[in-house]
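> Coordinates only, no sequence provided:
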């Protein structure tokens with residue numbers, strides 16, 4: 001009978017202990033459940049349960065297990081949030097920068113460098129700008145530049161205003177711009193398939209459009225005039241000094257194209273060969 005009583009007491013104590021452990025574990029789970037649903041506050045994850053156990057002189061094994069579980073859960077949730085922002089397009093600073101580079105008007109058009117380190121720019125078909133009411137899309141153009149030349153944002157405050165379609169620059173060698181102007185500004189009988197010859201001879205063109213490029217009268221500044229033909233299209237080529245400038249002019253569709261390269265005296269002296277090569281590479285395609 002004594003044995004039966006002892007066994008019954010031990011069983012009762014064991015059941016009481018297991019019930020206590022169950023309630024304690026349940027309390028821990030509820031505490032962490034509330035923390036997770038409170039915006040995943042990291043500071044709330046296991047601090048309270050652990051400190052309560054430490055005050056009683058021990059750290060419960062179940063508490064440590066649940067603590068590790070919720071730490072892993074928080075890490076997984078944070079990782080999923082980061083991936084969601086990057087892949088699904090949720091607003092993040094880095095993602096906004098990527099989008100900005102693809103906005104209309106700033107679509108990249110440079111090729112990879114060739115074996116000499118030169119890259120070819122071709123105006124993207126999707127690029128906006130110059131599409132006024134009644135005007136056809138701008139016919140793409142292309143040119144080549146050394147590897148360190150980069151596109152520069154165009155401002156409406158620039159000389160030529162909105163007719164400046166593109167700017168490029170190199171801190172070492174110089175800068176360039178492309179002006180695309182409607183031929184109706186100069187004649188109303190050129191139609192939608194104008195040529196540079198119909199606009200006028202080289203001297204007339206540079207006298208009329210030179211100031212558009214350098215911001216002053218070109219009289220006495222034209223050092224040389226050349227004419228070249230590529231794929232049936234005629235190009236007028238001018239060198240001005242000072243200020244130092246290389247201008248290539250042609251017409252296509254209902255627009256006049258003025259490709260302009262400028263630089264200071266030192267740049268002109270050191271990199272004239274490269275600048276002339278850039279000017280000669282300009283084509284309307």
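Nice, thanks for sending it over. On a predicted model such as this, the values are computed, not experimentally measured, just so you know.
> got the contact list for stretch 166-179?
Applying Cβ atoms under 8 Å, 6 or more residues apart in numbering, the contact partners of stretch 166-179 are 121, 123, 141, 143, 145-146, 148-154, 158, 160, 163-165, 212-213, 256-264, 267-268, 270-271, 274-275, 278. Where you see a C-beta, it was placed from the backbone N, CA and C, and this is true even at glycine.
> buried residues in it?
Going by neighbour count (16 or more other Cβ atoms under 10 Å), the buried part of stretch 166-179 is 166-170, 173-179.
> which intervals of the stretch 51-200 of the chain have sub-threshold pLDDT?
Scanning the stretch 51-200 of the chain for pLDDT under 70 picks out 51-107, 129-136, 156-162.
> and the closest residue in space to residue 234 that isn't next to it in sequence, how far is that from residue 274?
Of all residues beyond its chain neighbours, the one nearest residue 234 is residue 196 (5.2 Å), with distances taken as Cβ to Cβ, 6 or more residues apart in numbering. According to Cβ to Cβ, to the nearest Å, residue 196 stands 25 Å off from residue 274.
> what's the answer for residue 220, then?
When residue 220 is compared with residue 274 (using Cβ to Cβ), they lie 27 Å apart.
> ok, now residue 175?
Counting by Cβ to Cβ, the gap from residue 175 to residue 274 is 13 Å.
> same check, this time on residue 255
Distance from residue 255 to residue 274, by Cβ to Cβ: 28 Å.
> Comparing those two, which residue is more hemmed in?
residue 255 (24 against 20; other Cβ atoms under 10 Å).
> Look up the pLDDT of that one for me, please.
On the pLDDT scale, residue 255 is placed at 91.
> now swap in residue 28 and tell me
Per-residue pLDDT puts residue 28 at 44.
> Show me the strands in the stretch 101-250 of the chain, by range?
118-122, 141-146, 150-151, 164-170, 174-182, 222-230, 233-240, 245-252 (DSSP state E, counting those that start in this stretch).
> For those, give me a markdown table that also has distance to residue 204.
Below are these laid out as a markdown table (distance: least, Cβ to Cβ, whole Å):
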| stretch | distance to residue 204 |
| --- | --- |
| strand 118-122 | 29 |
| strand 141-146 | 22 |
| strand 150-151 | 32 |
| strand 164-170 | 22 |
| strand 174-182 | 15 |
| strand 222-230 | 11 |
| strand 233-240 | 10 |
| strand 245-252 | 11 |
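> Residue 196 reaches residue 228, doesn't it?
No. Residue 196 is not in contact with residue 228 according to Cβ atoms under 8 Å; the separation is 10.9 Å.
> Show me whatever sits in contact with both of those two.
Contacts common to residue 196 and residue 228, judged by Cβ under 8 Å, 6+ apart, are 234-235.
> neighbour count winner among the two?
Per other Cβ under 10 Å, whichever of residue 196 and residue 228 has more neighbours is residue 196, with 21 against 13.
> Who are the contact partners of the more buried one?
205, 234-236, 249-251, 256.
> got it, and residue 152?
Residue 152 neighbours (Cβ under 8 Å, 6+ apart): 167-169, 175.
> Looking at those residues, which is nearest residue 186?
residue 167 (23.4 Å; Cβ to Cβ).
> Distance check, the closest one against residue 220.
Distance from residue 167 to residue 220, by Cβ to Cβ: 27 Å.
> swap in residue 228?
Distance, residue 228 to residue 220, using Cβ to Cβ: 24 Å.
> next one: residue 119
Distance from residue 119 to residue 220, by Cβ to Cβ: 36 Å.
> now swap in residue 110 and tell me
37 Å.
> again with residue 212
Residue 212 is 18 Å from residue 220, by Cβ to Cβ.
> who has more neighbours, these two?
Shown here are residue 212 and residue 220; by other Cβ under 10 Å, residue 212 has more neighbours (19 against 6).
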